[in-house]
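In: Sequence first, predicted coordinates after that:
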There are 2 protein chains.
Amino acid sequence: MGSVSTLADHIEAYIKRMIRENQGRAIELSRAQLADAFACVPSQINYVLTTRFSLERGYIVESRRGGGGYIRIGRVQVEDVHEDAFDLISQVGSQISEKEMENILARLLDHQIITSRQARIIRGIIQQETARVGQGKALVRASLVRALLLFVLQQQGN
Amino acid sequence: MGSVSTLADHIEAYIKRMIRENQGRAIELSRAQLADAFACVPSQINYVLTTRFSLERGYIVESRRGGGGYIRIGRVQVEDVHEDAFDLISQVGSQISEKEMENILARLLDHQIITSRQARIIRGIIQQETARVGQGKALVRASLVRALLLFVLQQQGN
DNA sequence: CCTCCTTTGACCATTCCTGACCTTGATTCT
DNA sequence: AGAATCAAGGTCAGGAATGGTCAAAGGAGG
């Protein structure tokens, strides 16, 4: 697993565990309470939500302000994970940023379509290959992401 | 002077010893601290990492910037049987023709380093990807061949 | 000398965390 | 009902902590 060192990482892990323990169903929580539990400012929760629970990473976050306010966090429901994976890959355009790549990997990892080891190797390979070219890294990255992920999927016999 | 020991060599040895002492498991370190320990500029660490801890040499390096940033260095287990395969791959230049690619695949197939199914999948993916780009197919192909073969080899050392 | 590897430093990019200030919804007071 | 107040959550910009890049200078060996 990734390094669980920063506060944000801990909060992320906490939320994911909550969801897991709830059979993957959406959970509801109070921003203020959570912030209190981790001894941080409330906006830190928003930071975690936007950086780790974005739609691109497969999460849906709803909330309401005012008295009795709440934050609900759930996973995007997908019929067939492999279908979803192919969709994800086919939606990769001719260029892709590092951040976009991370989102895809995070999502596939989340759905256990790839292992963290595979994700690491993919990152490593792409890092080396993009370093090799001066310009057009986003182009090379797109090509490699598609190729490597497609390879993984096809190998699994899809 | 038998300069068997540049600063880079010492840093390399230090990191390798760390990994050894950690039972071969990945280690995590701080670039700034390490640079400090060796009284050099931080970028020297990057130099050592890129020149001595590349994937072809069997290492995988991950890092994160910002607060709580780190550099993680681990080994990817690779069977010795595949030593020459790595040589083959690292000899792939910045461009390679379809014929050269076929030769490489044939050799790897011959030595049973990859299966015919894997070879087929690789061919298919590379065909698709090179078709996407108008020019510079040989460039893209080289990148993909390296990436996919590297991936296959590291997958096996699991 | 020439070339390749090493070292350095200036400048850049990313990630995290906080606090001041804003918006929205519910409840209570007149 | 309307106003005031209370109780959430949201935004945004900034500071601090890391690591990354790149090109030029330095050195050792052939």
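Out: Structure's in. What do you need?
In: Within range of chain B, give me the residues from chain A.
Out: Selection of chain A residues close to chain B by C-beta under 8 Å from any C-beta of the partner chain yields A:3, A:5-6, A:9, A:94, A:117-118, A:120-129, A:131-132, A:140, A:143-144, A:146-148, A:150-151, A:154-155. From N, CA and C alone the C-beta is placed, and that goes for glycine too.
In: Residue A:8 falls within a helix, correct?
Out: Yes. Under DSSP: H, G, I helix; E, B strand; the rest coil, residue A:8 sits within a helix.
In: pLDDT wise, what is it at?
Out: Looking at residue A:8, its pLDDT reads 98.
In: Of all residues in chain A, which one is closest to DNA strand C?
Out: Proximity of chain A to DNA strand C (C-beta to the nearest atom of the strand) peaks at residue A:66, 2.2 Å away.
In: Tell me the spacing between that residue and residue A:145.
Out: To residue A:145, residue A:66 is 42 Å away according to C-beta to C-beta, to the nearest Å.
In: ok, these two, which is more surrounded?
Out: Ranked by neighbour count (other C-beta atoms under 10 Å in any protein chain shown), residue A:66 and residue A:145 place residue A:145 first, with 21 against 5.
In: pretty sure that one contacts residue A:127?
Out: No. Assessed by C-beta atoms under 8 Å, residue A:145 is found out of contact with residue A:127, at 12.0 Å.
In: Pop the domain breakdown of chain A in here.
Out: Here the domain parsing of chain A from automatic domain parsing is A:7-75, A:81-155.
In: shouldn't residue A:105 be in contact with residue A:122?
Out: Yes. Using C-beta under 8 Å, residue A:105 is in contact with residue A:122, at 6.9 Å.
In: Quick one, which of the residues of chain A next to chain B are buried?
Out: Among those, the ones that count as buried by 16 or more other C-beta atoms under 10 Å in any protein chain shown are A:9, A:118, A:120-129, A:140, A:143-144, A:146-148, A:150-151, A:154.
In: what's the top helix by length along chain A packed up against?
Out: Counting residues, the longest helix found in chain A (DSSP state H) is helix A:137-155. Using 3 or more C-beta pairs under 8 Å, 6 or more residues apart in numbering or on different chains; DSSP states H and E, the elements in contact with helix A:137-155 are helix A:81-90, helix A:98-110, helix A:116-132, helix B:116-132, helix B:137-156.
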